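*Asks:* Sequence plus predicted model, see below.
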Amino acid sequence: MKFTPEVLLSAPRRSAGVPNPSGNRVLYTTSTYDFQSHKKAIELRVLDAATGDSYQLAKDDDISDINWLDDDEFVCLQSEKNGSTSLYVVSVKAAIEKTELGKSHYIAGKIDAAAGNIKVCKLDPEGNSFAVTLSAQACPDGSLYTTEKSNRKTQSTGRLYSNLYVRHWDHYSEPQRNSLWFGTLSRCGDGKYELSNLTNALRDTGLECPIPPFGGTDHFDISTNRIIFVAKDPEVNPALNTKCNVYFAYLDSWTEGHAPRIQKIEIPGYEGACTSPVFAPVANAAAFLSMQKNGYEADRNEVFLILEGHATSDGGPKAEKLELTTATAIDADGDGRWDRSPQSICFSADGQSILAMAEDLGYGKLFQMVLKLGGPGGVEIRKLTEKGYVSDVHPLHDGRIFASGSSLVDNSWYAIVDPRIADAATEKLTSWSHSNASGGSKFGLKPSQVSSIWTPASNPKVNKEVHSIVMKPSNFDPDQKYPVAYLIHGGPQGSWADSWSTRWNPAVFAEQGYIVIAPNPTGSTGYGQAFTDAIRKNWGGDPYGDIVNCYEWVGENMPEADNGKAVALGASYGGYMVS
């Protein structure tokens with residue numbers, strides 16, 4: 001197969017996998033665009049990990065937010081055409097065996113609003129009752145922004161604002177705001193689950209969660225008696241600040257019907273954005289990520305741990321920063337501390353480790369921090385994966401980790417990583433894998449097309465060398481010369497990595513006969529925070545010099561690259577650099 005733009009856009013796009021607790025079944029969705037009908041088809045599927053067989057469970061339903069209840073049943077949300085949301089309970093076994101309707105799936109509850117980001121937590125060992133938290137918009141009075149309210153029409157298009165935060169990203173600010181709603185999902189006499197009435201956890205607080213426009217399940221988590229969440233600081237102007245706070249919501253009952261007690265978690269000296277709050281599954285602990293600098297969206301995320309019994313001077317929960325060390329000098333700053341910036345975290349199944357996903361030298365890797373739950377400090381971080389780009393992880397009950405990711409030649413892979421294996425070689429840690437594109441071969445692509453070069457940095461005081469990803473055509477002939485496509489990333493604090501993209505896909509250029517060079521100049525992420533920070537007030541300086549150095553190095557050291565026939569391409573900051 002020749003990999004063309006049409007193949008890229010029509011290839012099935014597979015979501016991150018959601019494994020059941022045992023890891024023997026994996027739920028996921030696929031979306032496929034048909035150039036003949038100009039329509040997109042969406043399927044909900046389940047993968048049998050043992051056989052590799054995949055079964056369709058639903059088609060063209062707007063299904064999201066899958067949560068397993070046990071190894072067979074799961075809950076999910078389905079958006080209805082009238083704007084409401086249905087909560088379904090599905091039995092995978094019954095759905096595969098195609099038993100009568102009502103046995104394989106049923107509606108356990110309806111929310112008269114657009115809802116999403118559901119999370120569940122088991123409240124009893126038998127699994128007869130689960131705590132439920134989801135997000136939906138609330139009116140200024142704290143009531144649910146129902147479909148009836150959202151469908152009201154007015155002849156006026158005017159808007160009146162009393163502050164300057166009028167529009168963010170692609171939406172105008174509205175009176176209704178995101179909020180967290182909690183209740184229970186309990187088994188009734190007929191054996192089916194039923195959703196209770198939902199209560200607004202943030203009523204009369206002035207807080208909004210998830211934080212728009214991109215926040216989701218990464219902005220809150222639940223345990224048997226608490227919700228932990230992040231929200232923009234209500235005391236500062238949101239248009240001029242990135243400052244977020246972390247909060248606990250304490251629940252006496254998941255059906256109490258009134259808003260819970262909210263307590264802010266103090267983080268002295270940290271005034272930036274917060275994300276990824278998570279509870280430990282067994283130990284009474286929680287963790288989250290926080291940036292130190294207000295107004296700086298590319299600051300380093302640092303890991304904070306909250307332990308039961310560790311309190312501030314006024315008796316509130318105390319968040320303590322983990323001092324992470326690494327045995328690998330290239331991943332550390334001058335004093336041996338790990339200097340990468342984790343994008344998200346979660347606890348291992350036994351609660352004794354924190355798993356982190358972070359960019360590192362052109363890859364998206366999975367790291368493990370083994371905790372000392374008697375107190376933080378001096379925690380060594382261990383690298384669990386090496387190649388590709390891990391985008392999502394789910395700890396399994398037996399200690400293994402289910403990971404979803406991609407690479408420059410494979411648009412979706414799943415793998416099970418076993419951190420209990422003593423040998424830290426990644427290939428030996430991965431005990432099972434499944435590829436959507438057979439490792440790229442379904443697209444006519446292969447891993448050997450991808451390599452790296454390191455070229456002189458324009459400012460060696462920060463980093464001595466600059467990394468670039470190289471991708472050659474699948475039919476590359478070393479005796480031929482090829483035109484060169486230099487791809488310049490946006491951000492500017494971003495990076496090219498060993499990950500799949502439908503917006504900027506190096507393989508599309510390579511398969512049209514180009515050698516692709518994708519530099520990660522000054523300001524790029526995944527090479528230490530000092531390198532990322534060095535682009536501030538320096539957009540056209542060192543990064544430009546890095547790219548020129550890369551261009552000149554390629555011309556002098558890659559005889560197969562015809563720099564006389566080179567093009568440069570980029571968007572956002574990449575477009576600025578091209579100009």
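*Replies:* All right, it came through fine.
*Asks:* And the residue sitting furthest away from the middle of the chain, how close does it get to M471?
*Replies:* In the chain, the residue that sits farthest from the middle, by C-alpha atoms, centre = their mean, is D479; the gap is 42.2 Å. Distance, D479 to M471, using C-beta to C-beta, to the nearest Å: 19 Å. No exception for glycine: its C-beta is placed from N, CA and C like everyone else's.
*Asks:* next one: N117
*Replies:* Taking C-beta to C-beta, one finds N117 at 36 Å from M471.
*Asks:* Run through the stretch 101-250 of the chain and note the low-pLDDT ranges.
*Replies:* 101-102 (pLDDT under 70).
*Asks:* residue boundaries of the strands in it?
*Replies:* 105-111, 115-122, 129-138, 167-168, 171-172, 177-187, 193-195, 199-200, 220-222, 226-232, 244-250 (DSSP state E, counting those that start in this stretch).
*Asks:* wait, which of those strands is closest to K318?
*Replies:* strand 244-250 (11.9 Å; C-beta to C-beta).
*Asks:* CA-only coordinates of stretch 114-129, as CSV, when you get a sec.
*Replies:* Extracted C-alpha coordinates of stretch 114-129, given in CSV (Å, rounded to 0.1, in the frame of the first residue of the first chain):
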residue,chain,number,x,y,z
ALA,A,114,-25.4,17.5,28.1
ALA,A,115,-23.1,15.5,30.5
GLY,A,116,-19.7,13.9,30.4
ASN,A,117,-16.6,12.8,32.2
ILE,A,118,-18.2,10.2,34.4
LYS,A,119,-16.1,8.4,37.1
VAL,A,120,-17.3,5.6,39.4
CYS,A,121,-15.9,4.2,42.6
LYS,A,122,-17.0,0.9,44.3
LEU,A,123,-18.7,1.5,47.7
ASP,A,124,-19.2,-2.1,48.8
PRO,A,125,-17.1,-5.3,48.2
GLU,A,126,-19.9,-7.0,46.3
GLY,A,127,-20.2,-4.2,43.7
ASN,A,128,-23.9,-3.5,44.5
SER,A,129,-23.3,0.2,44.9
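*Asks:* can you pull the buried residues of it?
*Replies:* Buried residues in stretch 114-129, counting neighbours by 16 or more other C-beta atoms under 10 Å, are found at A114, A115, G116, N117, I118, K119, V120, C121, L123, S129.
*Asks:* same question, stretch 210-218
*Replies:* Those would be P210, I211, P212, G215, T217, D218, for stretch 210-218 by 16+ other C-beta under 10 Å.
*Asks:* can you pull the contacts of L180?
*Replies:* Residues near L180 by C-beta atoms under 8 Å, 6 or more residues apart in numbering: T133, L134, S135, N200, A201, L202, C209, F220, I227, F229, A249.
*Asks:* now with 6 Å?
*Replies:* T133, S135, A201, L202, C209 (C-beta atoms under 6 Å, 6 or more residues apart in numbering).
*Asks:* And the furthest pair within the residues you listed?
*Replies:* Largest pairwise distance in the contacts of L180, by C-beta to C-beta, is 11.2 Å, between T133 and L202.
*Asks:* So which bits of stretch 480-489 are buried?
*Replies:* Within stretch 480-489, judged by 16+ other C-beta under 10 Å, the buried ones are Y482, P483, V484, A485, Y486, L487, I488, H489.
*Asks:* how distant is that stretch from the center of its chain?
*Replies:* Centroid displacement of stretch 480-489 relative to its chain, using C-alpha atoms, centre = their mean, to the nearest Å, is 30 Å.
*Asks:* Name the residues that touch it?
*Replies:* Counting by C-beta under 6 Å, 6+ apart, 496, 509, 514-518, 560-563, 565-570, 574, 577 sit against stretch 480-489.
*Asks:* Show me which of those are buried.
*Replies:* Here, 16+ other C-beta under 10 Å leaves 496, 509, 514-518, 561-563, 566, 570, 574, 577 buried among these.
*Asks:* any chance of the strands of the stretch 101-250 of the chain in TSV, plus distance to L9?
*Replies:* Putting those into TSV (distance: least, C-beta to C-beta, whole Å) gives the following:
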stretch	distance to L9
strand 105-111	32
strand 115-122	26
strand 129-138	31
strand 167-168	29
strand 171-172	27
strand 177-187	32
strand 193-195	38
strand 199-200	41
strand 220-222	34
strand 226-232	35
strand 244-250	36
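*Asks:* out of those, nearest to S150?
*Replies:* Taking the strands of the stretch 101-250 of the chain one by one with C-beta to C-beta, strand 129-138 is closest: 8.1 Å.
*Asks:* now, which of the buried residues of stretch 210-218 sits nearest A285?
*Replies:* D218 (18.3 Å).
*Asks:* separation between that closest one and W68?
*Replies:* Distance from D218 to W68, by C-beta to C-beta: 19 Å.
*Asks:* repeat for Q512
*Replies:* For Q512, the distance to W68 - C-beta to C-beta - is 43 Å.
*Asks:* burial count for the residue lying closest to P492 once chain neighbours are set aside?
*Replies:* The shortest distance from P492 to any non-neighbouring residue, by C-beta to C-beta, 6 or more residues apart in numbering, is to Y573 (3.9 Å). Counted with other C-beta atoms under 10 Å, the neighbours of Y573 add up to 19.
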